[in-house]
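[1] here is a sequence together with a model predicted from it:
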Amino acid sequence: NFFGNVSLHFCVPGFLFWWQSGLLFGMEKTEIRKANVPMPAGYHYVPLPDFYKKALVGAGIVFSLWVCSYNYRREFQEIYYFRGFKISKTSQLLDLAREELEKAWKWFPTEVNTNYELANTYARLAHESGKIGLNTQMDTWRKKSLWGYRESLRANCGYDEIFFNLGAIQSQMGMTQDGFPDIAVRRPDDIESVESAADVHSAIFNYSRAIAINPLSLDAYQFLGNVYFTDLTKYADNARMLFEQSVRVYPDSKDLWVNLAFLQIKLNEYEKAYCTLVKALQLDPFYELTRKNLRAVLAQLNRPNDPMAQADRDLIKVNELINARDWNGLAAVCRRLVPLFPDNFTLRFIQANVYFEIHDWPNAEKAYLESARIDPHNTAPLKNLSMAYRAQGKNGEALAIYRQILEKDPSDQQAKAELAAMGVAR
């Protein structure tokens, strides 16, 4: 983007300066021109009357004064913006941050970052007021925050974060759907501003704009979905399209799969909900919310002996068996669960540790290697595998594993210590 923010403020001005400088030097009355020697081909000089020359000089002076004024205001806006931004995340300094950011806005009210952080600061002040029961003050700050996000959009409407935060503050104010009144706000310069409801739109509209700008906005999917859930009689089809799209974009998000299943349950689509929850369970069998919804669906389908129902009962036993140190019982449970969830790291790692405890070395080695395959960035399976090798007297294999760990993480102190204990330098 040649005229993007960085280019427009750095590269393009330099390019224009040298371009115009070259033209001006080319127009200079040189000795060649004084001698009336013909100019090179392609050179053109347009004579201007004095009136136009004076007009151009006057326009240049006005433009230069405007540029000086512009940059003077921007300089002070930047100073106050960075002062406020640095402290805006500290709850004890929010009021001071607000003052600094409001000063920045007064110096230059059309800078998107200033307006966005000012709106965020108003939102944080609303949150802090609500925590101590100052509901009237909370409502005032929320309205100011809404004005701030609208002011940000007037400066630059291309950021999904602005639409998302505007939708979030509207959700808190009950403006999830159209039909709310116009909002009057006192601006930092003490002038009253009225935000038209027709221009602000609803939280649903603004969350949707955030997704349209950034289809990877996970929070926008979740927040918009929560709004749809408040009125499924009206928004059931919208919710379905939203969550079906969300799981295509984020197929590894268990929460989005659970949300889709919850919608299907609400619509009495129990068979679809069952298939959706199985997918969610594959991502994390230990996620209680998934299993809670699965129990409800299986009850509606009248399937007490479904394989997933047995899996749920086995998953409940896992922690009980670990606490009881019943390794043989846990090994039996793992043998039933792992085939159902073959790519789940936690179950594979638990199974490997169980085999370690009962000294089933071949199966322990196989399970540790499978765990490392599922999560190659996690070195815990390799560390335990090296311990299993040393317990069998296979120091050469253990040495190779420790070196493999250090290749993944050269700062791993445990691997270094084990190598030192074996009397081997890395």
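    That came in fine, so what should we check first? Numbers count the residues shown, from 1 in each chain.
[2] ok, and the closest non-adjacent residue to residue 388?
    residue 364 (5.2 Å; CB to CB, 6 or more residues apart in numbering). (Each C-beta comes from the backbone N, C-alpha and C, glycine too.)
[3] following the helix or strand hosting the one you found, which helix or strand shows up next?
    Residue 364 is part of helix 361-374, with elements assigned from DSSP states H and E. Beyond helix 361-374 in the direction of the C-terminus, DSSP H and E gives the next helix or strand as helix 380-391.
[4] which residues are in contact with the helix or strand following that next one?
    Scanning forward in sequence from helix 380-391 by DSSP H and E, the next helix or strand is helix 395-408. For helix 395-408, the surrounding residues in contact (CB atoms under 8 Å, 6 or more residues apart in numbering) are 376-377, 379, 382-383, 385-387, 389-390, 412, 415-416, 418-419, 422, 424, 426.
[5] one more pass at 10 Å, please.
    With CB atoms under 10 Å, 6 or more residues apart in numbering as the test, helix 395-408 has contacts from 365, 368, 372, 376-392, 394, 412, 414-419, 422, 424, 426.
[6] now that helix against helix 380-391, angle please.
    Relative orientation of helix 395-408 versus helix 380-391 (axes from the mean of the first three to the mean of the last three CA atoms, to 10 degrees): 160 degrees.
[7] and the next helix or strand past helix 395-408?
    helix 413-421.
[8] that following helix packs against which elements?
    With contacts defined as 3 or more CB pairs under 10 Å, 6 or more residues apart in numbering; DSSP states H and E, helix 413-421 has these neighbours: helix 380-391, helix 395-408.
[9] any idea which of those is most buried?
    Per residue and on average, the most neighbours among these fall to helix 380-391, with a mean of 20 (mean count of other CB atoms under 10 Å).
[10] chain center to it, what's the gap?
    Centre-to-centre, helix 380-391 and its host chain are 37 Å apart (CA atoms, centre = their mean, to the nearest Å).
[11] what helices and strands are in contact with the longest helix along the chain?
    Secondary structure of the chain per DSSP state H: the longest helix is helix 50-87. If contacts are counted by 3+ CB pairs under 10 Å, 6+ apart, helix 50-87 sits against helix 94-107, helix 112-131.
[12] residues in contact with the spatially most central residue of the chain?
    Centroid-nearest residue in the chain: residue 217, 6.2 Å away (criterion: CA atoms, centre = their mean). With contacts defined as CB under 10 Å, 6+ apart, residue 217 is in contact with 160-161, 163-164, 207, 210-211, 223-224, 246, 249.
[13] how about a cut-off of 7 Å?
    Applying CB atoms under 7 Å, 6 or more residues apart in numbering to residue 217 gives the contacts 160, 164, 210-211.
[14] hmm, back to that, give me the angle between the helix holding residue 364 and helix 380-391.
    160 degrees.
[15] in helices, which of the contacts of residue 217 appear?
    Judged by DSSP H, the contacts of residue 217 include 160, 164, 210-211 as members of helices.
[16] by neighbours, which of those residues wins?
    Tallying neighbours with other CB atoms under 10 Å puts residue 210 at the head of these, with 26 neighbours.
[17] from residue 384, how far off is that one?
    44 Å (CB to CB, to the nearest Å).
[18] try residue 206
    Counting by CB to CB, the gap from residue 206 to residue 384 is 49 Å.
[19] which outside residues touch stretch 163-175?
    By CB under 7 Å, 6+ apart, the surrounding residues in contact with stretch 163-175 are 119-120, 123, 142, 145-146, 149, 176, 202-203, 206-207, 209-210, 213, 217, 219-220, 223, 227.
[20] before we move on, what about stretch 121-129?
    88, 91, 94, 97-98, 101, 137-138, 141-142, 144-145, 148, 165, 169.
[21] for residue 256, which non-adjacent residue is closest in space?
    Setting aside the residues directly before and after it, residue 256 is nearest to residue 246 in space (CB to CB, 6+ apart), at 4.7 Å.
[22] correct me, but that neighbour touches residue 220?
    No. The criterion here is CB atoms under 7 Å, and residue 246 misses it with residue 220 at 9.3 Å.
[23] find residues that contact each of the two.
    Joint contacts of residue 246 and residue 220 (CB under 7 Å, 6+ apart) do not exist.
[24] list the buried residues in stretch 132-139.
    For stretch 132-139, the neighbour count (16 or more other CB atoms under 10 Å) marks residue 138 as buried.
[25] distance between it and the chain's centre?
    29 Å.
[26] name the residues that touch it?
    With CB under 7 Å, 6+ apart as the test, stretch 132-139 has contacts from 126, 129-130.
[27] can you tell me which of those has the most neighbours?
    Of these, with other CB under 10 Å as the count, residue 126 tops at 23 neighbours.
[28] name the element the nearest residue to it once chain neighbours are set aside belongs to?
    In space, not counting the residues next to it along the chain, residue 126 is nearest to residue 141; the distance is 3.6 Å by CB to CB, 6+ apart. Secondary structure assignment for residue 141, by DSSP H and E: helix 135-155.
[29] kind regards, and thank you for your time.
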